[in-house]
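In: Could you work out the structure for the sequence below:
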Amino acid sequence: REMISVGAALTMTRRRAIGLALGALAGAPTVRAQGTATPLKLGVLSDMDGPYGDLGGRGSIIAAQMAVQDFGGSVLGRPIAIISADHLNKPDVAVTIARRWFDQDGVTAIFDLTSSPVALAVQALAAEKKRLSFVSTASIDALTGKQCSPLGASWTFDSYSLAKIVATALATPDPSWFFLGVDNAGGDAMQNALTPFLRANGAKIIGSARHPYDTPDMSAYLLQAQSSGAGYIAVASSGSDLVNVIKQAREFGLSTSGQTLVGMPVFMSTLKAMGLDAANGLAFATGFASDASPEAAAWSQRLTWPRRMNGSGRKFP
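Out: Numbers count the residues shown, from 1 in each chain. As a prediction, the model looks like this:
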């Protein structure tokens with residue numbers, strides 16, 4: 001197993017991103033209702049129980065609560081309140097929730113925004129409403145490129161950083177690549193970012209396949225990748241989709257036939273879900289590693305314990 005770290009500049013945790021946002025909001029006027037300071041509301045909009053739930057979801061809510069605690073629980077006398085919702089990985093659902101939060105609930109900033117289509121839609125709405133948006137679990141680099149917002153920010157990783165590091169680290173004298181990714185804006189962005197870096201290194205992409213979101217059977221797409229004969233198979237899927245790709249690829253014998261699977265990105269929760277046997281030989285880029293520094297290890301340990309169980313007693317990975 002080979003780890004390709006994105007680097008310190010891109011390993012911003014949700015906790016630090018929220019801390020920076022609170023600092024930016026510190027100049028907001030204090031509003032009082034019936035003698036009590038109106039809470040400063042921050043929203044965590046994520047995939048709570050779907051394929052990307054382990055990348056954000058309830059863990060992002062806990063990270064936000066940790067950030068509020070670290071900040072002291074208030075800003076200029078206003079208590080900080082965290083609210084959350086599940087966007088179901090549907091941009092229209094996400095926009096409906098975000099619009100209600102902005103127009104009716106007084107939410108000042110929205111965080112997380114798992115999946116690229118959701119992130120693009122909510123960031124555009126936030127810019128229209130002159131509210132803040134902070135993306136930490138969507139990879140599309142258009143968030144800070146063609147569709148950049150003066151009130152939006154993207155943390156942790158994006159398709160540009162992942163593609164550059166993967167193409168540089170895995171450059172070989174005669175490389176060939178096959179691209180396998182989710183069929184949405186995030187998958188498109190990853191292939192578009194990876195292609196020019198590979199070509200600059202003398203590599204070539206000899207084929208591609210796109211699977212629908214939340215696909216249990218990846219056999220048709222893996223057969224295309226296997227028959228291509230490519231030395232590297234770049235997998236731009238996340239969450240349970242990525243787990244399905246890697247597990248089924250091992251069943252098809254891709255890793256033992258000389259083809260190397262490359263995950264973009266992969267996180268520790270995903271590795272645990274697929275198991276070390278399935279992940280054997282996997283090369284991957286990641287936006288955060290718990291052993292990258294003493295601070296990262298301490299933060300991860302602090303996050304792990306409260307994630308183990310919620311109020312209903314259901315355990316989290």
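
In: Tell me where the protein has helices.
Out: For the chain, the helices defined by DSSP state H occupy 14-25, 57-71, 91-103, 116-128, 159-169, 185-200, 219-228, 239-252, 268-274, 276-279, 294-307.

In: which of the ones you listed is buried the deepest?
Out: Of all those, helix 116-128 has the most neighbours on average by mean count of other CB atoms under 10 Å, namely a mean of 23. (Each C-beta comes from the backbone N, C-alpha and C, glycine too.)

In: Do you know the pLDDT at Ile165?
Out: If you check Ile165, the pLDDT there is 89.

In: The one 10 residues further on too?
Out: At Pro175 the predicted local confidence, pLDDT, stands at 85.

In: ok, now which ones touch the closest residue to it other than its chain neighbours?
Out: Nearest residue to Pro175, sequence neighbours excluded (CB to CB, 6 or more residues apart in numbering): Ala203, at 4.0 Å. Listed by CB atoms under 8 Å, 6 or more residues apart in numbering, the contact set of Ala203 reads Ala167, Ala171, Thr172, Pro175, Ser176, Trp177.

In: between those residues, which is closest to Ala273?
Out: Trp177 (25.2 Å; CB to CB).

In: Need the helices of the chain in JSON lines (columns: distance to Ala109).
Out: JSON lines is the format used below for the helices of the chain (distance: least, CB to CB, whole Å):
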{"stretch": "helix 14-25", "distance to Ala109": "5"}
{"stretch": "helix 57-71", "distance to Ala109": "10"}
{"stretch": "helix 91-103", "distance to Ala109": "10"}
{"stretch": "helix 116-128", "distance to Ala109": "8"}
{"stretch": "helix 159-169", "distance to Ala109": "23"}
{"stretch": "helix 185-200", "distance to Ala109": "22"}
{"stretch": "helix 219-228", "distance to Ala109": "38"}
{"stretch": "helix 239-252", "distance to Ala109": "25"}
{"stretch": "helix 268-274", "distance to Ala109": "25"}
{"stretch": "helix 276-279", "distance to Ala109": "36"}
{"stretch": "helix 294-307", "distance to Ala109": "21"}
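
In: looking at those, which has the lowest confidence?
Out: helix 14-25 (a mean of 54).

In: follow-up on the earlier one: tell me which of the helices of the chain sits nearest to Lys41.
Out: The closest of those to Lys41 is helix 91-103. By CB to CB, the value is 7.7 Å.

In: Run through who's touching that closest one.
Out: With contact meaning CB under 8 Å, 6+ apart, helix 91-103 is reached by 41, 43, 45, 83, 85, 87, 107, 110, 113, 117-118, 120-122, 125-126, 129, 131.

In: Surely Leu303 is in contact with Gly59?
Out: Yes. With contact defined as CB atoms under 8 Å, Leu303 reaches Gly59; the gap is 6.8 Å.

In: out of the helices of the chain, nearest to Val135?
Out: Nearest to Val135 among those is helix 116-128; the distance by CB to CB comes to 4.6 Å.

In: ok, the residue nearest the centre of the chain - contacts?
Out: Note on the chain: the residue nearest the mean C-alpha position is Thr137, at 2.1 Å, using CA atoms, centre = their mean. Thr137 makes contacts with Ser46, Tyr52, Leu55, Gly56, Ser60, Asp112, Leu113, Thr114, Ser115, Thr156, as judged by CB under 8 Å, 6+ apart.

In: leaving aside the residues next to it on the chain, what's closest to the fifth one?
Out: In space, Ser60 comes closest to Asp112 once its chain neighbours are excluded; the distance is 4.6 Å by CB to CB, 6+ apart.

In: Could you measure from that neighbour over to Gly57?
Out: Computed as CB to CB, to the nearest Å, the Asp112 to Gly57 distance reads 8 Å.

In: Need the residues touching each of those two.
Out: Counting by CB under 8 Å, 6+ apart, the common neighbours of Asp112 and Gly57 are Ser46.

In: now Ala167: how far from Phe197?
Out: 4 Å.

In: Find the residues that touch each one of those two.
Out: With contacts taken as CB under 8 Å, 6+ apart, Ala167 and Phe197 have no neighbour in common.

In: one step back: and the pLDDT at the residue nearest to Ser60?
Out: For Asp112, the model assigns a pLDDT of 94.

In: PyMOL command to pick out the buried ones of the contacts of Ala203?
Out: With 16 or more other CB atoms under 10 Å as the criterion, this PyMOL line picks the buried residues out of these:
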select buried, resi 167+175+176+177
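
In: Inside strands: which ones of the contacts of Ala203?
Out: Counted as lying in strands by DSSP state E, out of the contacts of Ala203, are Ser176, Trp177.

In: from the contacts of Ala203, which is closest to Ser257?
Out: Looking across the contacts of Ala203 and measuring by CB to CB, the closest to Ser257 is Ser176, at 13.8 Å.
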